[in-house]
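**Q** here's a sequence, model it:
(chains A, B and C)
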Amino acid sequence: MKNINVLPSICYGGDYNPEQWPEEVWYEDAQLMQKAGVNLVSVGIFSWAKIEPQAGIFDFEWLDKVINILYDHGVHVNLSTATASTPAWFVRIYPDSLPVDENGTRLSFGSRQHYCPNHPHLIKHIKKLVRAIAEHYKDHPALKMWHVNNEYACHVSRCYCENCAQAFRKWLKKRYHTIDELNERWGTNFWGQRYNDWDEINPPRKTPTFVNPSQELDYYRFMNDSIFNLFLAEKEILRELTPDIPISTNFMASFKPLNYFQWAEEVDIVTWDSYPDPREGLPVNHAMMNDLMRSLRQGQPFLLMEQVTSHVNWRDINVPKPPGVMRLWSYATIGRGADGIMFFQWRQSRAGAEKFHGAMVSHSGDEHSRVYREVKELGHELSQLDGLVGARIKAEVAILFDWENWWAVELASKPHNKLSYIAIVEHYYRELYKRNIAVDFARPGDDLSKYKVVIAPLLYMIKEREDENLHRFVKNGGTLLMSFFSGIVDENDKVHLGGYPALLRDILGLCVEEFVPIAEGQSNLLQVGGETFECTTWADMIRLEGAQALAVYGEDWYAGHPAVTVHHFGQGKSVYIGTHPESRFVGQLLEKVLAEHHITPPLEVPAKVEVQRRYTENEEYLIIVNHNGHDVQLTLPKDRNYQNVLSGERLHGVKLTVKGIDVVVLKEDKN
Amino acid sequence: MKNINVLPSICYGGDYNPEQWPEEVWYEDAQLMQKAGVNLVSVGIFSWAKIEPQAGIFDFEWLDKVINILYDHGVHVNLSTATASTPAWFVRIYPDSLPVDENGTRLSFGSRQHYCPNHPHLIKHIKKLVRAIAEHYKDHPALKMWHVNNEYACHVSRCYCENCAQAFRKWLKKRYHTIDELNERWGTNFWGQRYNDWDEINPPRKTPTFVNPSQELDYYRFMNDSIFNLFLAEKEILRELTPDIPISTNFMASFKPLNYFQWAEEVDIVTWDSYPDPREGLPVNHAMMNDLMRSLRQGQPFLLMEQVTSHVNWRDINVPKPPGVMRLWSYATIGRGADGIMFFQWRQSRAGAEKFHGAMVSHSGDEHSRVYREVKELGHELSQLDGLVGARIKAEVAILFDWENWWAVELASKPHNKLSYIAIVEHYYRELYKRNIAVDFARPGDDLSKYKVVIAPLLYMIKEREDENLHRFVKNGGTLLMSFFSGIVDENDKVHLGGYPALLRDILGLCVEEFVPIAEGQSNLLQVGGETFECTTWADMIRLEGAQALAVYGEDWYAGHPAVTVHHFGQGKSVYIGTHPESRFVGQLLEKVLAEHHITPPLEVPAKVEVQRRYTENEEYLIIVNHNGHDVQLTLPKDRNYQNVLSGERLHGVKLTVKGIDVVVLKEDKN
Amino acid sequence: MKNINVLPSICYGGDYNPEQWPEEVWYEDAQLMQKAGVNLVSVGIFSWAKIEPQAGIFDFEWLDKVINILYDHGVHVNLSTATASTPAWFVRIYPDSLPVDENGTRLSFGSRQHYCPNHPHLIKHIKKLVRAIAEHYKDHPALKMWHVNNEYACHVSRCYCENCAQAFRKWLKKRYHTIDELNERWGTNFWGQRYNDWDEINPPRKTPTFVNPSQELDYYRFMNDSIFNLFLAEKEILRELTPDIPISTNFMASFKPLNYFQWAEEVDIVTWDSYPDPREGLPVNHAMMNDLMRSLRQGQPFLLMEQVTSHVNWRDINVPKPPGVMRLWSYATIGRGADGIMFFQWRQSRAGAEKFHGAMVSHSGDEHSRVYREVKELGHELSQLDGLVGARIKAEVAILFDWENWWAVELASKPHNKLSYIAIVEHYYRELYKRNIAVDFARPGDDLSKYKVVIAPLLYMIKEREDENLHRFVKNGGTLLMSFFSGIVDENDKVHLGGYPALLRDILGLCVEEFVPIAEGQSNLLQVGGETFECTTWADMIRLEGAQALAVYGEDWYAGHPAVTVHHFGQGKSVYIGTHPESRFVGQLLEKVLAEHHITPPLEVPAKVEVQRRYTENEEYLIIVNHNGHDVQLTLPKDRNYQNVLSGERLHGVKLTVKGIDVVVLKEDKN
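**A** Here you go, the predicted structure:
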């Protein structure tokens, strides 16, 4: 997948909402942007009502003026299609375009994103609007990128209205062709749910008790597809009118309702919005999301489309990033593959629900505020990193990640109903993060041949041919690490019969005979030789069928039973982890596996120092981020020549000091 | 009430849902059943859509085949009337048959039990279906019992739709005759709620604040009756067509919405479903439910219609029963009066909301799994217990239990709004359980002459003539133990005026002047001579009027006031407990009372060993269940001759060892 | 504002609901009232359905009888207009008069206050009823006061129905005149919320995410006004027909939905209902509410219209007041300006949702109960306090309090979303309470010239001209104490631009550059010289612009930054508190400020002793309330002559003992 360079430099800027301000502020904004090194802003995201004040009447005058001012100050635009929220007039004409929740309550106008994705007139109006905007701006030299809609599904990821019911039936007919096939796939003989007719099927609205999980799962798929269709409709028009302008829509990383692997195939470049909570300390999840977002398009660099300079406003308590942390996390993002760092938003709103959300320019409008000073400094630094644009990361480890699995494994009525897929994935990811091991995310059906180690946490759903893909990977010499409750169901959430995990028993060399969820606050022990570790959450009762026990349970009625196993299969091997071990166990297990495959970090560094390597054709960059409050000393390899990109300094010696809450970018010339 | 023997042996089997499986599995199932000693299965519970695939078109071919295969393998059927869930076609024809919650949300199809009990067409369709099934199978030799519907009201115990509103008005008219009488009974002069017309009355839907409690209470009664009517309609047809086949519907023990004492009068045998949480340890509540279920039909043996072999799927975390525990709890159930042990379900579902609910045969279909092995062993053991069928229990202690009191005492706006009726009943029950004292449950209006001790925990509601019944019991020599907040209101939740508890002051010899609820986390002390105990929850301010203080409060502004009293009345006496004492106090108090009446356990045993005695005309059985993980030694009375029923061994000596997590069944020949 | 003397003595009595009782009880009630010293009861509050049993048919016969009986026993009436709950027949005729919640659920009849304030027929029926009552009773000698409706908005403070939507649009049109003005004031360019037409605007029903806060804020105003209009309509009729009878409606003190400062301008005398939870110990909030209620009409004495003798019934656990506490808190209320002490209710209801709410006469009807005895003793005591009627309090300290600020500061999407306005106001109030410093509450726009010290906790909203009022106060020599997050927005919740708090920066001599909310469970330190204090919740980053730091932060990245500042401005000064300091700090800070202004308590007393001074033209009263369980000794000033009003004793010496849970009322003759 080829790289998309929106600009020849690192993109820097943010969301810009000029319609909230009088015209004189636009000039002031453009000047402040120029001073801060801003080269790209996202404009028009909530401007539908302003661009099309009445149905069919378009007004571009104000936006022409804004874009021209920006362009005159060297600022390009990531132009929005303005479809993020339907205008009040649209809602008045089509009151049934407002979404309906599972209880039948129709939501109201007055916040944002108040539309049902399946309203028949919505898509018509969207197409008309997008065509008008694209026609008007297609040749404007400021236009560098399309920002389609905004954070699709953020608040309304599901609608349960009659329009959706009808669209759902159509979608099901297309998927299953006959009602008999649907009955079979959904297992409707259970609880007498058999359908005679498509018209009997409804969205999974509020029911007396657990709804059919196959129906629920298909509704995830259907809503994802419904919203995706809105995107595709916009994309088609934009591609037609501006074939050379990259098209994207901003993702929200670990956002459950949208299958971003599917979406990523249709954007030209991944862009995403990141809001880690500064109260949480080390931003491991943020790193994981960067790796996931980069992986969506097989390593192609992405843009961080939104982050905040200081604090958000939608948490209970909105603690700001301390001085330096915004810069630190920006570099951590670049280190994992970003070619752009942008913010929500440029100027802090005066009114509305986000007026206390941080911005690049605060309410005071003060150039000398801490925040604006940090913004300006970062802008100037990033302008020195042009060489990094397009640089890639090489990973030998992959974690399997699948949105459909996520939907399925968190459906109700499981043996353990407090499992968080993301949390368990992160449990394994964290040990790679702490060791600075580059990692990609991949789907279970993706080509895994470039990886040496593949980790499959909680891979509950194994779809057709995915089992063969895992067979192939291990047979060819890879190491597979798989957790408990993997390989249990097919794509319709129907159990693979024949002993868990039926399709993978040969690779794993075992059969799971029983699941023993562990009560909250309770734990068991893992015994490995003389050493013991804690394990919680789940204990599989494993019958060995070729595998060997690496660890056994230490307590309770199943003490002595195998808990973690290893099995040689073809040229590779499979490690099965039938419980949720403490981090220390996962770390030691991974260390052994990594060592077997000679997988190492770019540099040995102290704790809480991130170091990532990005490659261009001729150069290698090390992005070193010190999350510690104190200085750290690093040892550089003796046989390499580095340049400190920000200071320009060439490094001949082997010792390097990185200050507390500071970063160093090193460039190694391969020549 | 005469015993009903469904089979000449202990019934053993479970719910069987063959429609979820292809035909070849049916043969496999029948063979596995035979191997496991299964003699009865419940078939067709969710088969309405399969038996009547379109309105009025019936298909019994598949079910004939299933039942014949079963019968050929020695398995009889507890045939369901298949009315547990209306089919999709029914919902399409009658969308207003879906129930409505108190907020006006109409529930949707897609889980189960999605019907309003008062829909006028529901009962017509039910009757047609039940008649068709009964006509078809009335002479089949496999038919041993009718399983009407399934867990009535489990998910939809209340509907608030317009059909219900109309039916409620009719029900009220029948109960109160005039609107003036209703106004008087409901106290509608409070908050200006006076009705002029029956049409002004609605179900207690969502209101601005506390709804009229008398209205709420009558809605409990009305919904119970509405659902009961569905049962009676089925029963009438079944009795007509199969006068000799016992009819039952499976109860859920401490299920608040249905007044099972009322229902039990109309079933031929009580059957119930039991799902204790293995995380809770000693199954005291399970024992209490067994005793309650047995008491519903005055000691007639019952069937345990559903339990699980290992784990359920509908809790947050579903911990399985450890090895041996399923057997242990099965015997504990037999010890308290069961003539049958059955499971939900036979074969674990592949799809749907219960696919992770345990079963007799698991997903692996594996004969060698731990669970199937335990199932088979138990089946074979139980076949040796034919002599126990019909054996009864004799109790000299009764706990008063009343569903209408439960409804009333847990209505809102009480002095203490966190009182749990079941928890407080169990608080007293536990002390009898620990001492292996046989106990029945009885209604306050039941004949109490066969008991020596009657316990009345939280008997808030005393209805007409119940006070006289209690008078009679004490006057004739019984001992009554009554807790705080008893005797307060009449059947409409109106206070009995004249000082609490107005109708019982003479029996108790006191007046309760004030209620002093105790804040959570707070406690007071009970002083009895030099000894002190803790008490919580509630403190009555008691004025003695003939009673003597057994214990006084130790702290706070009411230190020294009487807390527990005793009063001699007629030939008996009343103990009043004006607070919620710790278990130790309850235990010591009961011990004294039991000693006075010479009430003893069947055998002296160590802690956590249950021993129950069942009697036939000529034999006595002792069922001994050791819940401890370790072995215990028992001493048998010297003057008796026992046979260990499972081993066949005759016991001449006086020492008996029962292993950890094991049972012994002893038979004593009276000859 | 002149005093209103309802009776020449302290009013004493309670709500009386004779329609709940048979006629013979009325005579018994009147006799018991007379014995207890009752001189005023509130009658008819929920009697609409009884007075007007069918639309247009009035029945006063029963009420005539009741009032005559009362009057014959020396009991006057506070006659209700009976509009607190619409009758069932009204709801049947106008089903759309039932209120609708934000999800669109229409509430049901069956509790109380089930009306939408904007239903067009409601006000017509109310007027007809009120006119009928007033015509009938206007010349009755028992009539001493009008009790309009009851606890307006208690349960239904907001309705979202179509009638409200229409009324809201009218209200907005009147307020903003043009849709452009509304768009500007509501900042609808944010999130594309621009309206073209008034008809597009709806109540802030459930939306996908945060609703427009300006819309939400105006809905608070609109609903307050809608309900206020109901009151004004009643008042107009009552004033016309009974120009000399005082009119009131009972307030609920810190009740957020109603702007009682606005309402108080239209009642003749403030009356309020007080239900502190005895579990909470020292009734600081109760004292604060007394001071707030007194302040609503600039110090005019008020009536405590409802309190309970013992316990309520609507909390989870309803702990009663221990013996003596009802009397204690009654005096505490008189000490802060009450001319009457009344209860809900006279006789405990037998049925309905409040039957376990305490009353003056309990279910037993027993004259000798603890509660009735305390009621009678208090009634007799209060009859000795005629001299106190009309006595006033002089305060030199004011706390600014503004309902509109309350609505705005607790809207969603703030930097810190767990701020409680009342809790933060009370944090400052408590330090004055503990020191027995008299304090008024005032609106930010009120005349502040009579105060020396003004405290502005969390005064987030500064409306037009309020900034000038604060300027004037400080310039003229006052001391202003202002907390963090003050002066931020205008009346539409739009930020005052130009550095926080833009309009007050000159008075305060600073600019707040950033808000740093502090996570829950976290804290920082305040350093003042060598001393340190804890601070939590919030830390402003302050840039000094003339002010001096009184305290700096002790920890985290902003250690050393100013946290509390002082600035001299004109003849006065401003103290700014940029965080939430622990009580000890607030106390010490206030002590310094009070000392500078020579503000002292009426008497130096030990902890937990309240002492308040009330003045008439010729006398001074000291009301001394000892909340301690033990006796305390006070020292009276040597140069004064006091009389113990209750004992009649003249006090010559300087030592006075007040018993535990007891009160002393001293009168000083100025002559």
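
**Q** residues of the stretch 101-250 of chain A that sit close to chain C?
**A** Applying CB under 8 Å from any CB of the partner chain, we find that the stretch 101-250 of chain A lies next to chain C at A:101, A:103, A:105-114, A:154-156. Placement of C-beta: from N, CA and C, glycine included.

**Q** look up how far A:Thr565 lies from A:Met482.
**A** 10 Å (CB to CB, to the nearest Å).

**Q** which residue packs closest to the residue in chain A that chain C sits nearest to, ignoring adjacent ones?
**A** Of all residues in chain A, A:Ala351 sits closest to chain C, at 2.4 Å by CB to the nearest CB. With sequence-adjacent residues excluded and distances taken as CB to CB, 6 or more residues apart in numbering or on different chains, A:Ala351 is closest to C:Gly187, at 2.4 Å.

**Q** before we move on, back to that, ok, the residue of chain A closest to chain C - how many residues close by?
**A** By other CB atoms under 10 Å in any protein chain shown, 23 other residues sit near A:Ala351.

**Q** filter the residues of the stretch 101-250 of chain A next to chain C down to the buried ones, PyMOL style.
**A** Here is the PyMOL command that selects the buried residues among those (16 or more other CB atoms under 10 Å in any protein chain shown):
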select buried, chain A and resi 101+103+105+106+107+108+109+110+111+112+113+114+154+156
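
**Q** the nearest residue to A:Asp197 once chain neighbours are set aside: what's it in contact with?
**A** Leaving aside its chain neighbours, A:Asp197 sits nearest to A:Ile179 (6.7 Å; criterion: CB to CB, 6+ apart). By CB atoms under 8 Å, 6 or more residues apart in numbering or on different chains, the residues touching A:Ile179 are A:Tyr195, A:Asn196, A:Asp197, A:Trp198.

**Q** show the pLDDT at the residue nearest to A:Ala351.
**A** Listed pLDDT for C:Gly187 reads 98.

**Q** so it is in contact with A:Phe46, correct?
**A** No. Counting by CB atoms under 8 Å, C:Gly187 does not reach A:Phe46; the two are 11.7 Å apart.

**Q** related to what we said a few turns ago, give the contact list for the residue of chain A closest to chain C.
**A** Taking CB under 8 Å, 6+ apart, one finds A:Gln20, C:Trp186, C:Gly187, C:Phe190, C:Pro213, C:Ser214, C:Asn492, C:Asp493, C:Lys494, C:Val495 in contact with A:Ala351.

**Q** how far away is the residue nearest to A:Asp197 from A:Glu200?
**A** A:Ile179 is 9 Å from A:Glu200, by CB to CB.

**Q** packing partners for the lowest-mean-pLDDT helix or strand in chain A?
**A** In chain A, no helix or strand scores lower on mean pLDDT, DSSP states H and E than strand A:650-651, which sits at a mean of 88. Where contact means 3 or more CB pairs under 8 Å, 6 or more residues apart in numbering or on different chains; DSSP states H and E, strand A:650-651 is packed against strand A:642-644.

**Q** what residue is smack in the middle of chain A?
**A** Central residue of chain A (CA atoms, centre = their mean): A:Ala253, 2.1 Å from the mean position.

**Q** can you pull the contacts of that one?
**A** Contacts of A:Ala253 (CB under 8 Å, 6+ apart): A:Trp272, A:Asp273, A:Ser274, A:Met289, A:Leu292, A:Met293.

**Q** low-confidence ranges in chain A?
**A** Along chain A, segments meeting pLDDT under 70 span A:653, A:670-671.

**Q** domain map for it?
**A** A:11-157+A:224-382, A:397-596, A:609-668 (automatic domain parsing).

**Q** columns distance to A:Cys164 on top of those domains, output as CSV?
**A** What follows is those, written out as CSV (distance: least, CB to CB, whole Å):
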stretch, distance to A:Cys164
domain A:11-157+A:224-382, 5
domain A:397-596, 17
domain A:609-668, 43
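
**Q** and these: which comes nearest B:Phe356?
**A** In terms of CB to CB, the element of the domains of chain A nearest to B:Phe356 is domain A:397-596, at 5.1 Å.

**Q** can you give me the offset of that closest one from its chain's centre?
**A** 22 Å (CA atoms, centre = their mean, to the nearest Å).

**Q** endpoint to endpoint, it covers what distance?
**A** Start-to-end span of domain A:397-596 (CA to CA, to the nearest Å) is 13 Å.

**Q** same check, this time on stretch A:622-639
**A** 15 Å.

**Q** who does A:Phe343 form a beta bridge with?
**A** When assigned by DSSP bridges, A:Phe343 has beta-bridge partners A:Gly14.

**Q** quick check: it touching A:Met305?
**A** No. A:Phe343 is beyond contact range of A:Met305, at 9.1 Å (criterion: CB under 8 Å).

**Q** helix/strand/coil for the nearest residue to A:Thr537 once chain neighbours are set aside?
**A** Ranked by CB to CB, 6+ apart and with sequence neighbours excluded, the top spatial neighbour of A:Thr537 is A:His580, at 3.8 Å. Secondary structure, DSSP: H, G, I helix; E, B strand; the rest coil: A:His580 is strand.

**Q** quickly list what A:His580 is bridged to.
**A** Applying DSSP bridges to A:His580 gives these bridge partners: A:Thr536.

**Q** neighbours of it, how many?
**A** With other CB under 10 Å as criterion, A:His580 counts 26.

**Q** let me see the contact set for it.
**A** Counting by CB under 8 Å, 6+ apart, the residues that A:His580 touches are A:Ile424, A:His427, A:Ser483, A:Phe484, A:Cys535, A:Thr536, A:Thr537, A:Trp538.

**Q** over to A:Ser85?
**A** A:Phe46, A:Trp48, A:Ala49, A:Arg112, A:Gln113, A:His114, A:Tyr115, C:Trp191, C:Gly192, C:Gln193.

**Q** what sits closest to the residue with the largest distance to the centre of chain A if chain neighbours are left out?
**A** Computed with CA atoms, centre = their mean, the residue of chain A farthest from its C-alpha average is A:Trp557, at 40.8 Å. Closest residue in space to A:Trp557, ignoring its immediate chain neighbours: B:Pro322 at 4.5 Å, by CB to CB, 6+ apart.

**Q** in this structure the one you found contacts B:Gly281, no?
**A** No. With contact defined as CB under 8 Å, B:Pro322 does not count as touching B:Gly281 (11.6 Å).

**Q** and those two? Which one has more around it.
**A** Neighbour totals were compared for B:Pro322 and B:Gly281, and B:Pro322 leads with 16 against 10 (other CB under 10 Å).

**Q** list the contacts of the more buried one.
**A** When contacts are counted by CB under 8 Å, 6+ apart, B:Pro322 touches A:Asp556, A:Trp557, B:Pro278, B:Ile661.
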